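Novice: I'd like to go over a predicted model; first the sequence, then the structure.
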Amino acid sequence: MRKKRFKYIKELDIGDPVEHWIQRAFKRAKVLNLPSHLIVDSAAVIKNALGEEWLKNNFAKPNKSLPFLDKHPVASNFEIAGDPQIVSNMEIAEYLRCLVNVPGLCKVLDLLKNKGQFYTTFLQIAYAYRFKKLGAIEMRFEPPIDEGRYSDLFFLYKNQPFLAECFRPKLKNKGQDHIQDILKYSANKLFDAAVKHKRKIFYYIRFLRNINTKERKEVISLCITSLNKLISQESGQLKFKHDACDVKIFDASKIERNSPNEYKGILLELNETSDFSCNVYLVKVNQIDKARNHSDYEREESSKLFIKYPPREKHPDWILSLVKKIEKKIIQVRRKSDNPRGILIVNSSINLFKSDTSRNFNTRLYYKIIDRHKNIDTIILTSHKWMVCKRYKYIATSLMGPKTILFGDKETLTLNFLENSVDLLKGWPLLYPDKFSDFMFKYIKGEIDDDEFKNYWIEIYNRKLNNFDIKEIRNSMDKFINKLYHININKR
């Protein structure tokens with residue numbers, strides 16, 4: 001009888017999740033270019049801010065399938081402790097260190113503990129941090145406004161009061177809720193079925209439309225039934241259709257054993273044609289203690305689940321619907337007593353920054369809100385992205401009114417430069433320190449005027465640029481930053 005190589009357990013006991021995160025952070029510190037002296041402090045900041053008892057309660061919550069989907073993001077970050085999770089918790093800690101003396105932070109911490117409010121509140125402290133770096137003073141969280149309501153943030157900049165409101169608009173056609181349900185409630189069933197047959201199985205589900213709970217259960221049941229048929233036949237793959245999706249199932253163990261090249265081709269095709277994938281690993285019994293002790297351990301890649309999102313349903317009025325949602329927030333940045341300028345910070349994963357759709361959206365947004373409501377200074381459309389430099393960055397574009405104060409040319413330049421050329425986890429030192437960077441910081445701080453800045457660029461290019469104005473210089477600087485990070489900066 002063939003000796004059993006693996007023991008399948010649903011969860012790996014990692015001990016204290018906070019200590020697990022600390023050990024993982026130290027282990028990855030060199031790769032992630034982390035400030036090692038802040039790792040333990042970052043964990044302590046979060047524990048003190050959110051409460052040790054609160055963390056324990058969130059760690060103890062039962063999992064349905066994949067642990068991180070049912071838990072608070074901060075708790076998940078401690079438990080998973082992958083590269084993005086390590087960086088994310090250190091980013092939160094950096095914000096809290098900087099904002100610890102801002103009045104109203106206690107109210108923000110209560111919101112941060114709420115899983116449903118977490119991402120909006122994260123956006124709130126992230127931009128409060130950035131505004132403070134820009135030079136904002138007298139900052140306050142949750143300031144009272146008219147009619148007993150509260151805004152997200154108040155501050156003074158250039159002696160002008162500002163109110164900022166942060167939010168994540170939700171559209172009725174979200175299109176990916178069923179994906180979350182598959183992962184929360186059904187992924188473990190698919191992987192369990194593969195382990196039961198001692199096979200590596202690839203599942204590919206191409207959704208044709210959104211599905212409900214009943215249909216999701218039908219699809220998963222059909223997958224498991226079809227897997228039984230697949231194991232008993234010679235062919236290494238099987239497919240079937242459902243009203244809501246097309247499904248392909250591959251016996252990857254058999255294909256890899258009989259035809260390695262075909263296996264590589266299938267894996268490449270599935271990765272290229274899917275929008276999302278997840279996989280499980282099998283760990284030998286004699287390696288589990290090494291994993292628990294944060295030592296290097298052997299693991300074998302096993303089954304995978306690939307998902308193709310359904311085509312986005314065409315709603316002619318979805319842009320108008322989103323504009324209306326943003327417009328409803330205008331009341332949150334009004335106050336009669338000091339007539340502040342309003343900033344709306346919109347966090348959305350929808351790509352609003354390119355193509356005709358983007359221009360259509362921006363045009364409507366401008367004329368429906370900025371042109372009509374004179375108290376609105378700026379609308380920031382932003383998205384939190386994991387970058388090649390192994391940091392999260394806020395990729396944003398700003399719609400500004402003709403009388404904008406906050407985002408004049410120099411302020412836009414400053415935020416773009418800070419966002420894309422500095423490392424907030426290391427106290428804002430530059431990722432690429434050089435003469436150019438030192439000069440830029442002096443310019444940002446106002447220690448160098450425009451003429452000296454222009455002369456510096458003339459020196460860099462080693463030629464006379466009599467007609468080379470500041471706007472062209474800034475465009476050149478943006479290109480320089482793009483080259484460093486291989487990203488596009490959204491200009492005014």
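Specialist: Arrived safely, thanks for sending.

Novice: low-confidence ranges in the stretch 151-300 of the chain?
Specialist: The stretch 151-300 of the chain contains residues with pLDDT under 70 at 171-181, 183-184, 291-295.

Novice: which stretches of it form strands?
Specialist: 153-157, 160-167, 201-207, 237-242, 245-251, 276-283, 299-308 (DSSP state E, counting those that start in this stretch).

Novice: Taking strand 201-207 as reference, get the angle to the longest one.
Specialist: Put simply, strand 299-308 runs at 20 degrees to strand 201-207, going by axes from the mean of the first three to the mean of the last three C-alpha atoms, to 10 degrees.

Novice: got the contact list for strand 299-308?
Specialist: Contact partners of strand 299-308, identified using C-beta atoms under 8 Å, 6 or more residues apart in numbering, comprise 6, 179, 182, 187, 190-191, 194-195, 199-207, 252, 270-271, 273-284, 287, 291. C-beta: built from backbone N, CA, C; applies to glycine.

Novice: How about the fifth one?
Specialist: For strand 245-251, the external contacting residues (C-beta under 8 Å, 6+ apart) are 199-208, 211, 219, 222-223, 226-227, 230-231, 236-241, 266.

Novice: partners of that strand, with directions?
Specialist: Here strand 245-251 is paired, per DSSP bridges, with strand 201-207 (antiparallel), strand 237-242 (antiparallel).

Novice: Which strands or helices does the lengthiest helix in the chain pack on?
Specialist: For the chain, the helix with the greatest residue count under DSSP state H is helix 213-232. Packing partners of helix 213-232 (3 or more C-beta pairs under 8 Å, 6 or more residues apart in numbering; DSSP states H and E): helix 177-181, helix 187-196, strand 201-207, strand 237-242, strand 245-251.

Novice: Now do the buried residues in it.
Specialist: 215-216, 219-220, 222-224, 226-227, 230-231 (16 or more other C-beta atoms under 10 Å).

Novice: Also stretch 76-89?
Specialist: Buried-residue list, stretch 76-89, by 16+ other C-beta under 10 Å: 76-81, 85-89.

Novice: Quote the end-to-end distance of that stretch.
Specialist: 10 Å (C-alpha to C-alpha, to the nearest Å).

Novice: okay, the strands paired with strand 245-251, which one's buried deepest?
Specialist: Across the strands paired with strand 245-251, the average number of neighbours (mean count of other C-beta atoms under 10 Å) peaks for strand 201-207, which reaches a mean of 23.

Novice: What distance do you get for the residue nearest to L38 when sequence neighbours are not counted to K385?
Specialist: Closest residue in space to L38, ignoring its immediate chain neighbours: M90 at 6.8 Å, by C-beta to C-beta, 6 or more residues apart in numbering. Going from M90 to K385 by C-beta to C-beta, to the nearest Å gives 17 Å.

Novice: More neighbours: those two, which one.
Specialist: Between M90 and K385, M90 has the larger neighbour count (other C-beta atoms under 10 Å), namely 27 against 12.

Novice: Per-residue pLDDT of that one, please?
Specialist: Looking at M90, its pLDDT reads 94.

Novice: so which helix or strand takes in it?
Specialist: Per DSSP states H and E: M90 is located in helix 83-99.

Novice: Throw the strands paired with strand 245-251 into TSV and include distance to L320, thanks.
Specialist: Formatted as TSV, the strands paired with strand 245-251 follow (distance: least, C-beta to C-beta, whole Å):
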stretch	distance to L320
strand 201-207	26
strand 237-242	33
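
Novice: between these, which gets nearest to R391?
Specialist: Nearest to R391 among those is strand 201-207; the distance by C-beta to C-beta comes to 32.1 Å.

Novice: What are the structural domain limits within the chain?
Specialist: Domain assignment for the chain by automatic domain parsing gives 1-100, 177-308.

Novice: closest to K324 out of these?
Specialist: Across the domains of the chain, closest to K324 is domain 177-308 (C-beta to C-beta), at 21.4 Å.

Novice: hmm, back to that, nearest to D41, of the buried residues of helix 213-232?
Specialist: Nearest to D41 among the buried residues of helix 213-232: R216, at 43.3 Å, using C-beta to C-beta.

Novice: Please tell me I have it right and the closest one contacts A187.
Specialist: No: at 11.3 Å, R216 does not count as touching A187 under the criterion of C-beta atoms under 8 Å.

Novice: burial count for K56?
Specialist: 13.

Novice: my read is it is in a helix, agree?
Specialist: Yes: checked against DSSP: H, G, I helix; E, B strand; the rest coil, K56 lies within a helix.

Novice: Roughly how far does it sit from F118?
Specialist: For K56, the distance to F118 - C-beta to C-beta - is 18 Å.

Novice: circling back: can you put the buried residues of helix 213-232 in CSV and add distance to I326?
Specialist: Output for the buried residues of helix 213-232, formatted as CSV (distance: C-beta to C-beta, whole Å):
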residue, distance to I326
E215, 33
R216, 32
V219, 36
I220, 38
L222, 41
C223, 40
I224, 44
S226, 45
L227, 46
L230, 49
I231, 52
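
Novice: show me where pLDDT drops low in the stretch 301-450 of the chain?
Specialist: Scanning the stretch 301-450 of the chain for pLDDT under 70 picks out 312-319, 349-364, 366-367, 401-424, 426-446, 450.

Novice: quick one, helices of it?
Specialist: 318-327, 355-365, 409-421, 435-444, 450-461 (DSSP state H, counting those that start in this stretch).

Novice: Okay, strands next: where are they in the stretch 1-150 of the chain?
Specialist: 137-141.

Novice: what sits against Y394?
Specialist: Taking C-beta under 8 Å, 6+ apart, we find Y394 in contact with 126-127, 130, 382-385, 419.

Novice: of those, buried ones?
Specialist: Buried by 16+ other C-beta under 10 Å: 126-127, 130, 382-384, 419, out of the contacts of Y394.
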